[in-house]
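Enquirer: structural data only, the sequence is not supplied:
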Ligand code: SAH
């Protein structure tokens, strides 16, 4: 096993693999105007085990293709869809988000919570934008600076982890430059990070570490937990300065 399989193991146990919330997905759906649509075709990219996919399938008259490059997450999503009796509305696709082969203008909406950073916001907006029908929707949550000035320690951390981190005004300018008009923007409240994501993950740390005691993976598992703890501490200390912005945009051409 390598680090990736350890990360899969740690994160498979969670209802979500990033900050978010059912109410926040629903708010973004409200702002998107998709509620009135019929027979919608939607891709949920970087879906993980399906936190947002299930809300979309429950709320909208839509077929949803749930895309992630990690098949173990997709298998769990399929089980959750079955339990929620939503399997007829959801299909899964194991594919990298930067190698999608759907025809241009084939989707009514692209949804992506806490995942577009894996290919970079601007690349994602450009490439995914082509797949969306004119008038269709792009809804993404993305790491965002909430203030013009930030503490140096925080700035250094995120510049190293994700150099595209920026303010909402800069993210909105990228959307506009690439043919989108912003319909809504809001910031995920701290409970989406602390209660919905970090607290459940923290509860999984002891069993996760215990499972690797005495194996050659123990040090790697400890390092993963230590890195997550550092990220949690950073969020607890500095959440006035950064968060996830949720951007809901309509393709204008
Ligand atoms: N949207 C989910 C998961 C967010 S975590 C939620 O909100 O809970 C980011 C997800 O992106 C993970 O499931 C990860 O497997 C996936 N991912 C990372 N890089 C990817 C890539 N290149 N292509 C497709 N999925 C990717």
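Expert: Sure thing, it's come through. None of these values were measured; they are calculated from a predicted model.
Enquirer: so how far is the ligand from the closest residue to residue 62 other than its chain neighbours?
Expert: Among residues not flanking residue 62 along the chain, residue 40 sits closest, at 3.8 Å (CB to CB, 6 or more residues apart in numbering). Using the backbone N, CA and C atoms, a C-beta is placed for each residue, glycine as well. Going from residue 40 to the ligand by CB to the nearest ligand atom, to the nearest Å gives 19 Å.
Enquirer: wait, is residue 20 part of a strand?
Expert: No - Residue 20 is assigned coil when assessed by DSSP: H, G, I helix; E, B strand; the rest coil, not a strand.
Enquirer: quick one, what contacts the nearest residue to residue 98 once chain neighbours are set aside?
Expert: The shortest distance from residue 98 to any non-neighbouring residue, by CB to CB, 6+ apart, is to residue 119 (4.5 Å). With contact set as CB atoms under 8 Å, 6 or more residues apart in numbering, residue 119 has these partners: 97, 98, 127.
Enquirer: could I get those as JSON lines with distance to residue 19, secondary structure and pLDDT?
Expert: Converted to JSON lines, the contacts of residue 119 look like this (distance: CB to CB, whole Å; DSSP: H, G, I helix; E, B strand; the rest coil; pLDDT from 0 to 100):
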{"residue": "97", "distance to residue 19": "18", "secondary structure": "coil", "pLDDT": "98"}
{"residue": "98", "distance to residue 19": "22", "secondary structure": "coil", "pLDDT": "98"}
{"residue": "127", "distance to residue 19": "24", "secondary structure": "helix", "pLDDT": "98"}
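Enquirer: contacting the ligand as well, which ones from those?
Expert: Among the contacts of residue 119, the residues within reach of the ligand (CB under 6 Å from any ligand atom) are residue 97.
Enquirer: all strands for the stretch 101-250 of the chain, in order.
Expert: Per DSSP state E, counting those that start in this stretch, the stretch 101-250 of the chain carries strands over the ranges 107-113, 132-145, 166-167, 180-187, 242-251.
Enquirer: out of those strands, the one nearest the ligand is which?
Expert: strand 107-113 (3.8 Å; CB to the nearest ligand atom).
Enquirer: who does the closest one touch, helix- and strand-wise?
Expert: strand 40-45, helix 51-59, helix 121-131, strand 132-145 (3 or more CB pairs under 8 Å, 6 or more residues apart in numbering; DSSP states H and E).
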